[in-house]
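Participant: one predicted model, sequence on top.
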Amino acid sequence: MHDKVAFVTGAGSGIGEASARLLAARGARVALVGRTEDELEEVAESIRGEGGEVLTALADVSDEAAVDEAVRATLEQFGRLDVVVANAGVNGTWAGIDDLSVEDFRSTIDINLTGTFITLKATVPHIGRGGSAVVIASVNGTRIFSNSGASAYSASKAGQVALTKMLAVELGPRGIRVNVICPGAIDTEISDNTDSQNEGVKIPVEFPQGTIPLTGSESGTAEQVAALVGFLASDAADHISGTEVWIDGAQSLLQG
Ligand SMILES: NC(=O)c1ccc[n+]([C@@H]2O[C@H](COP(=O)([O-])OP(=O)(O)OC[C@H]3O[C@@H](n4cnc5c(N)ncnc54)[C@H](O)[C@@H]3O)[C@@H](O)[C@H]2O)c1
């Protein structure tokens, strides 16, 4: 990743943080973008301590002007843009349709789906041939988990998958690759952040024995997802575009 510049949203924690760390460790200069200043600064300081070169940019991904400003700051400081990781997202409200307000639905779509579109729309014009976008969706975007109440979340994640595939076709002739990662349950803070109105839908770190074929019961880690981000963003993946990659220990095959 030497000489490359990456723009990572939601970089203050979880998968975004792990991806930013990995890209920086591989020599990329990284823009850490997010809406939580303290977290971004802490991650930035830690990466700089390990010799990485990063900047922080405060932006809510659903705010087009703020994301445009983050891109402008990145170009001003680093001079180019090669990789974008559209990772920022929320679980939002998980509830049955009778209890799910239009406002709650909209706010999940605004961040997870429109935020991804805004991130790609702002960055892609500055990415040249050989560049790449990696979108972080979810297995919920392609599989339906019964009784979870995750209709807003699932719709937002399915939208990210469709957006990725459309853009892979559209941007292929410009030499830009676009791929989407669909993680299963990953042990991050998002597991605690569901505004759930249903009992038992918080994402557990450990599932009942046997529900995740590869591990038995353990969730994946942010670092495992980051390793996939690193691969898809690298030249080693230079013929891979429009692909949706699950990273879930085969859990969805049993539960979807
Ligand atoms: N953890 C899982 O089990 C899991 C599974 C599937 C998909 N995902 C997806 O992975 C992505 C990263 O989540 P995570 O698990 O690392 O959780 P996380 O909560 O640690 O990370 C999400 C990050 O996005 C930031 N963010 C949220 N809304 C934002 C906004 N409007 N603007 C800018 N930044 C915003 C948060 O501040 C946080 O830093 C999300 O898109 C999530 O849906 C996570």
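Facilitator: Thanks, I have the structure now.
Participant: only C-alpha atoms for contact and neighbour calcs from this point on.
Facilitator: OK.
Participant: which residues sit against stretch 90-110?
Facilitator: With contacts defined as Cα atoms under 8 Å, 6 or more residues apart in numbering, stretch 90-110 is touched by 62, 111-112, 148-153, 155-156, 190, 193-198, 201.
Participant: contacts with the ligand among the residues you listed, please.
Facilitator: Residues of the contacts of stretch 90-110 in contact with the ligand (Cα under 6 Å from any ligand atom): Ser62, Ile111, Ile190.
Participant: measure the residue nearest to the second one when sequence neighbours are not counted to Gly210 for me?
Facilitator: When you say that, I think you mean Ile111. Leaving aside its sequence neighbours, Ile111 sits nearest to Ser62 (Cα to Cα, 6 or more residues apart in numbering; 5.2 Å). From Ser62 across to Gly210, the span is 38 Å (Cα to Cα, to the nearest Å).
Participant: Ser234 too?
Facilitator: To Gly210, Ser234 is 34 Å away according to Cα to Cα.
Participant: looking at the two, which one has more neighbours?
Facilitator: Taking other Cα atoms under 10 Å, Ser234 and Gly210 do not tie; Ser234 has more neighbours (17 against 13).
Participant: list the contacts of the closest residue to the more buried one other than its chain neighbours.
Facilitator: Excluding the flanking residues, the one nearest Ser234 by Cα to Cα, 6+ apart is Met1, at 6.9 Å. Listed by Cα under 8 Å, 6+ apart, the contact partners of Met1 are Leu23, Arg26, Gly27, Ala28, Ser234.
Participant: list the contacts of the third one.
Facilitator: Translated: Gly27. Residues counted as contacts of Gly27 (Cα under 8 Å, 6+ apart) are Met1, His2, Asp3, Lys4, Gly52.
Participant: OK, contacts around the fourth one?
Facilitator: Contacts were defined as Cα under 8 Å, 6+ apart; by that measure Lys4 touches Gly27, Ala28, Arg29, Arg80, Leu81, Asp82, Val83.
Participant: what count of nearby residues applies to the fifth one?
Facilitator: Leu81 has 25 neighbouring residues, counting by other Cα under 10 Å.
Participant: give me the beta-bridge partners of it?
Facilitator: When bridges are called by DSSP bridges, Leu81 pairs up with Ile127.
Participant: so is stretch 21-33 next to the ligand?
Facilitator: No. Stretch 21-33 lies out of reach of the ligand by Cα under 6 Å from any ligand atom, never closer than 6.9 Å.
Participant: that stretch spans what distance, first to last residue?
Facilitator: 13 Å.
Participant: buried stuff in that stretch?
Facilitator: Arg21, Leu22, Leu23, Ala24, Ala25, Gly27, Ala28, Arg29, Val30, Ala31, Leu32, Val33 (16 or more other Cα atoms under 10 Å).
Participant: just the buried residues from the contacts of stretch 90-110, in ChimeraX please.
Facilitator: Filtering these down to the buried ones (16+ other Cα under 10 Å) takes a single ChimeraX command:
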select :62,111,112,148,149,150,151,152,153,155,156,190,194,196,198,201
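Participant: of the contacts of stretch 90-110, which belong to helices?
Facilitator: Judged by DSSP state H, those include Ser151, Ala152, Tyr153, Ala155, Ser156 as members of helices.
Participant: quick one: name the residues of the chain near the ligand.
Facilitator: 10-16, 34-36, 59-62, 87-91, 111, 136-138, 183-191.
Participant: pull up the pairing partners for the lowest-mean-pLDDT helix or strand in the chain, direction included.
Facilitator: Within the chain, no helix or strand scores below strand 195-196, which has a mean of 73 by mean pLDDT, DSSP states H and E. Strands that pair with strand 195-196, judged by DSSP bridges, come out as strand 93-94 (parallel).
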